[in-house]
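Participant: Give me a 3D structure for the following:
(one chain, ligands or ions: 2)
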Amino acid sequence: MAKTLRALPVSELAGKRALVRVDFNVPLEAGAVADATRIDASLPTLEYLLDAGARPVLLSHLGRPKGEVRPELTLAPVAPCLEERIGHPVHFFGRCEGDEAVARTRELGEAEILLLENTRFLPGETTNDPALAAGFARLGDLYVLDAFGTAHRAHASTAGVAGLLRPSVSGLLVDTELRALGRLGDAPDRPFVVGFGGAKISDKIDLLNVFLDRADVLLVGGAMANTFFAAQGLPTGRSLVESDAVGLAAEILDRAGGRIHLPTDVVVTRDVGDPVSEVWTVPVDAIPEGAAAVDIGPESRQAYAAVVGTARSFFWNGPMGLFEDRRFAAGTFTLAEAAADATAGGAFTVIGGGDSAAAVRAAGLMDRVSHVSTGGGASLKFLSGGELPGVAALEQT
Ligand code: ADP
Ligand code: MG
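Facilitator: Ligands and ions are numbered 1, 2, ... in the order given. Next up, the predicted model:
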């Protein structure tokens, strides 16, 4: 087990420069932060550090600048956004290593935060260059890993620097993720129900494999269901079908047997992009030639919600339909509500995936499920039983 920030005595924090690797890989629009979810996710750790009298110095990547300075991927717009949310001064410095950056970390006053520039502007970040890791190590007196979303990558600002600074601990966000995902590991409370949707089976095959044998029931929706219909020889009209994955879908159906549930009815429309195109419901064996399935139907929604209601553990990844269009959001929102109700009844519920999290947020239910996971690739690797290099490089207890 990695040592955690909460286990450090205040004497190891007060007045110290805490180098924190956060995940501020946020969407920007017109030079401003368009969605602050990831910034908010960092607040518990940053507030904890400030309360203990530490001086947070923040490192993050943003986008894929591929080792070059790309002005449109500067982290500068994050500073005012973080400052507003945390209510303490946040200074920004346009580099993330070197003497001047180090000097800035030493100038930090009480209850002040320093945000440094995009780590991926430097080629050594993603190659985990030891010299760069050593440069990062000069920026702090201790290291905190709170970027769960990149913990599965051995980069200079994660595994590299984590091995060089002591203390070197996990932050509150990483702890929360590890604890929540750990509960879905070897011995989840049963019945364990898993919901899968979204666009592609091939994107999710590793995650499907993780849960295929572990889950008591698998509920399938979204465009993914269409590929299963195709595997059953049903007509799918103009629905989004992943033709390369039809064989894979057939294998999964075989392997899961009666534990896999597919929709019995679907919402269809002729022209997905046309806001006034007719929308109606058909049984799954009657998808018209000229129409596309865009959501699970009312009968399926009710059946799925009832199954979720029996769960003691529930994991869900992938929307049940094209929920970005509110006409096709009912299946996704019904499942989100069923998850919230199950949580209220004592079940442990985890939502994974960027679009799924966005759907739960759009339904206003973020606070009514047990956990919304922030890290796609990292969650997957951890759930598959793999080691996260960023976490493994921390001090172990
Ligand atoms: P996540 O990000 O949660 O892992 P995915 O990226 O796999 O989820 O899939 C989300 C996308 O799948 C959404 O943008 C949604 O519109 C799309 N989708 C879901 N169902 C359908 C469908 N029936 N037809 C077309 N697109 C769909
Ligand atoms: Mg997605």
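
Participant: Endpoints of stretch 267-275, how far apart?
Facilitator: End-to-end distance for stretch 267-275: 15 Å, by CA to CA, to the nearest Å.

Participant: in that stretch, what counts as buried?
Facilitator: 267-269, 272 (16 or more other CB atoms under 10 Å). Just so you know, the C-beta spots here come from the backbone N, C-alpha and C atoms, and that holds for glycine as well.

Participant: pretty sure Ala225 contacts Gly197?
Facilitator: Yes: under the criterion of CB atoms under 8 Å, Ala225 makes contact with Gly197 at 7.3 Å.

Participant: Residues of the stretch 201-350 of the chain that sit close to ligand 2?
Facilitator: Within the stretch 201-350 of the chain, no position is near ligand 2 by CB under 5 Å from the ion.

Participant: picking up where we left off before, pick the one among the buried residues of stretch 267-275 closest to ligand 2.
Facilitator: Val272 (17.5 Å; CB to the ion).

Participant: From Ser60, how far out is the closest one?
Facilitator: 36 Å (CB to CB, to the nearest Å).

Participant: swap in Ala156?
Facilitator: Distance from Ala156 to Ser60, by CB to CB: 13 Å.

Participant: Check Ala342 too.
Facilitator: Ala342 sits 34 Å away from Ser60, going by CB to CB.

Participant: May I have the secondary structure class of the residue in the chain that ligand 2 sits nearest to?
Facilitator: Going by CB to the ion, ligand 2 is nearest to Asp355 of the chain, at 4.0 Å. Per DSSP: H, G, I helix; E, B strand; the rest coil, the local secondary structure of Asp355 is helix.

Participant: returning to that earlier point: as CSV, the buried residues of stretch 267-275 with secondary structure, pLDDT and distance to ligand 1 would be great.
Facilitator: Output for those, formatted as CSV (DSSP: H, G, I helix; E, B strand; the rest coil; pLDDT from 0 to 100; distance: CB to the nearest ligand atom, whole Å):
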residue, secondary structure, pLDDT, distance to ligand 1
Val267, strand, 98, 9
Val268, strand, 98, 10
Thr269, strand, 98, 10
Val272, coil, 93, 7
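
Participant: Show me which of those residues is closest to Gly15.
Facilitator: Set against Gly15, the nearest of these by CB to CB is Val272 (57.9 Å).

Participant: What residues does the closest one make contact with?
Facilitator: 292, 294, 322, 325 (CB atoms under 8 Å, 6 or more residues apart in numbering).

Participant: So for Val284, what's the pLDDT?
Facilitator: Here, the pLDDT recorded for Val284 equals 98.

Participant: now do the one 3 residues further on
Facilitator: Looking at Ile287, its pLDDT is 98.

Participant: Where does the closest residue to it other than its chain neighbours sit: helix, strand or coil?
Facilitator: Once flanking residues are discounted, Ile287 sits nearest to Gly237: 4.5 Å by CB to CB, 6 or more residues apart in numbering. Here Gly237 is recorded as coil under three-state DSSP.

Participant: thought Gly237 was touching Ala292?
Facilitator: Yes: counting by CB under 8 Å, Gly237 touches Ala292, with 6.0 Å between them.

Participant: more crowded one of these two?
Facilitator: Between Gly237 and Ala292, Ala292 has the larger neighbour count (other CB atoms under 10 Å), namely 23 against 20.

Participant: related to what we said a few turns ago, overlap of the contact sets of Ala156 and Ser60?
Facilitator: By CB under 8 Å, 6+ apart, the residues touching both Ala156 and Ser60 are Thr119.

Participant: who's more crowded, those two?
Facilitator: Ala156 (31 against 27).

Participant: and the stretch 251-397 of the chain, which of its residues are near ligand 1?
Facilitator: 293-294, 317-319, 321-322, 324, 353-356 (CB under 6 Å from any ligand atom).
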